[in-house]
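Visitor: No letters, just coordinates:
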C-alpha cells in the first residue's frame, strides 16, 4: 500500500514538474489591447520606442520584469511593453479608434465597429417618447463629444510617475 | 503518515489546478411558472455591442434627467476624463469608447451605464480626499462596464426570458420591447441595485485598476470608511449598493492580493489643487 502510494506521489510530482517546465519552455502569446501600443527598448516608458503596434497584434512573451513583459513582435523585433496593455485575447471590435493613424490602422478596425459610435437613434427616440427634454439628450451627445487626447493622458501619467512611468 | 501527507498534498494541488481553470459556462435558460407548472424558457442571448450602446445611451439620458443634469466645468471634466481614460487603458476592456461626466447634484452618487457612460456627482467629488480615492471610485464604475454587469443582469432577467436574441433592428421596430428592456435596466440602476456580488466584484476590480496605474491600493477602502460614517443619509447610493460596512468587510479580505501600500502615492495635494474652487 505504501509502495503504491509512493509511486502515485512520484507520478503526480513528475507530472507537475513536466507541466511547470512546459509552461516556461513555450513563450506565451498575448495581444495588444489598443492601437498605439509602444514597444520600448528597456523596461521603462522613458526608453526609446522600438515599434508601435496596432490593436490585436500578437506578441510572444519572453520574460517579465516587474510591470513590463519582454516581447517579440510579429515583425521580429524585441522590446518591452507595460504588461497591462496586453491581454490574453484580441480586443473586441468596439469602436475605439483613438490613436489610430493610417499606418497602424488595422483593416478589422475600419469596418463595422467605426459606425457604432455615438447616441443610438433608438435611445433618442425612446427618450422623446418618454417626454424627456432635448437638453438631457444633448447632454449625452456633449458627453460623447468630450475627448481628451492620448498625449494628454500620457503627460498626466508621466508627471505623476504612474502607469508605465512607475519607478 | 508523512507519505500519505505528501500524497494528499499533491492531490490537493492537482484538484486546485482543475478548480482554478476558468469554467465559466453560462446556461442561457430561465424558468417561468406557466399553466403547466414550471417550464424552461429560452433566456436572452448575450447582448452585443451595438445593442449595448443603445441600452446604455437610453439610460445615460435618464441619469442626466434624474440627477441634476451635467455640471458644466471644463477643468473638472478634463481632470476626471483624463484619469478615467488612463484607467480604461489598463482595464480588461479598453477597446470600446468610454465617456465621463459630472452630475450637478450635491447627492454623492456614481453610475455607469452599458456602453461606457460613467458619471460622478459633484457631491461625491466633494467627499473624496485624494486622487487614489477618485481613481478607485472611477475604477469601480469602469469595472461595471468592463465586466458587463448591467448586461449580465438583463441577460439573466426572468421577465425578459423568451426574447431570445435582442437586436437593434428588433428594438428599433418595436418601441414597447425596447421600453421593457430599459425599464428593467433602470430598475437595477436606480432602484433595486445590481446583485451584491457584482458590486463586490466591481470593488475588487476597481481597486486593481487603480493599483495597476500605481495608486495606493487602499483608495476605495478608505473612501468606503468615509461613506460608512455617513450611512443613514438619504441617497440612492445606499439603497442600490450593499452597505459600506459589508463592502469594507468584503474588500478587506481581498487586500492581501496587493503589495503593502505604504510606498504607493495617494496624491492628496494634486487632488485638492484640481478641485479647489471648482465645486
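Guide: Perfect, I can see it now. Being a predicted model, the structure only gives us computed values, none of them experimental.
Visitor: Where do the strands of chain A begin and end?
Guide: Counting by DSSP state E, chain A has strands at residues A:28-32, A:37-40, A:49-53, A:58-65, A:68-72, A:78-82, A:86-87.
Visitor: do the same with the stretch 51-200 of chain B
Guide: Taking DSSP state E, counting those that start in this stretch as the test, the strands found in the stretch 51-200 of chain B are B:99-103, B:110-113, B:117-121.
Visitor: buried sites along the shortest one?
Guide: For strand B:110-113, burial by neighbour count (16 or more other C-beta atoms under 10 Å in any protein chain shown) applies to B:110-113. In short, each C-beta sits where N, CA and C put it, glycine included.
Visitor: coming back round to it: okay if I get the strands of chain A as JSON lines plus mean neighbour count?
Guide: Output for the strands of chain A, formatted as JSON lines (neighbours: other C-beta atoms under 10 Å in any protein chain shown):
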{"stretch": "strand A:28-32", "mean neighbour count": "18"}
{"stretch": "strand A:37-40", "mean neighbour count": "22"}
{"stretch": "strand A:49-53", "mean neighbour count": "18"}
{"stretch": "strand A:58-65", "mean neighbour count": "15"}
{"stretch": "strand A:68-72", "mean neighbour count": "22"}
{"stretch": "strand A:78-82", "mean neighbour count": "22"}
{"stretch": "strand A:86-87", "mean neighbour count": "20"}
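Visitor: would CSV of those with mean pLDDT and distance to residue B:120 be doable?
Guide: Converted to CSV, the strands of chain A look like this (pLDDT from 0 to 100; distance: least, C-beta to C-beta, whole Å):
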stretch, mean pLDDT, distance to residue B:120
strand A:28-32, 95, 29
strand A:37-40, 96, 28
strand A:49-53, 96, 32
strand A:58-65, 96, 34
strand A:68-72, 97, 31
strand A:78-82, 97, 26
strand A:86-87, 94, 27
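Visitor: now for the ones you listed, which one comes closest to residue B:279?
Guide: Nearest of those to residue B:279, taken as C-beta to C-beta: strand A:78-82 at 32.9 Å.
Visitor: can you give me the angle the closest one makes with strand A:28-32?
Guide: Strand A:78-82 and strand A:28-32 are oriented at 60 degrees to each other (axes from the mean of the first three to the mean of the last three C-alpha atoms, to 10 degrees).
Visitor: Strand A:58-65 and strand A:78-82, what's the angle between them?
Guide: Comparing the axes of strand A:78-82 and strand A:58-65 via the same axes, to 10 degrees yields an angle of 80 degrees.
Visitor: can you list contacts of strand A:78-82?
Guide: With C-beta atoms under 8 Å, 6 or more residues apart in numbering or on different chains as the contact definition, strand A:78-82 has outside contacts at A:32, A:37-45, A:47, A:50-51, A:59, A:62, A:65, A:67-73, A:163-164, B:90.
Visitor: where are the low-confidence patches of chain B?
Guide: Regions of chain B meeting the criterion pLDDT under 70 cover residues B:1-43, B:232-239, B:260-262.
Visitor: which residues in chain A form helices?
Guide: In chain A, the helices defined using DSSP state H lie at A:2-25, A:121-129, A:134-145, A:150-160.
Visitor: For the stretch 101-250 of chain B, list the residues in contact with chain A, please.
Guide: With C-beta under 8 Å from any C-beta of the partner chain as the criterion, the stretch 101-250 of chain B comes near chain A at residues B:101, B:117, B:168, B:171-172, B:175, B:178-179, B:182, B:212-215.
Visitor: do you know how far residue B:83 is from residue A:76?
Guide: Taking C-beta to C-beta, to the nearest Å as the measure, residue B:83 falls 36 Å from residue A:76.
Visitor: Reformat the buried residues of strand B:110-113 as CSV; add distance to residue B:241.
Guide: CSV is the format used below for the buried residues of strand B:110-113 (distance: C-beta to C-beta, whole Å):
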residue, distance to residue B:241
B:110, 10
B:111, 11
B:112, 13
B:113, 16
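Visitor: Alright, I will stop here.
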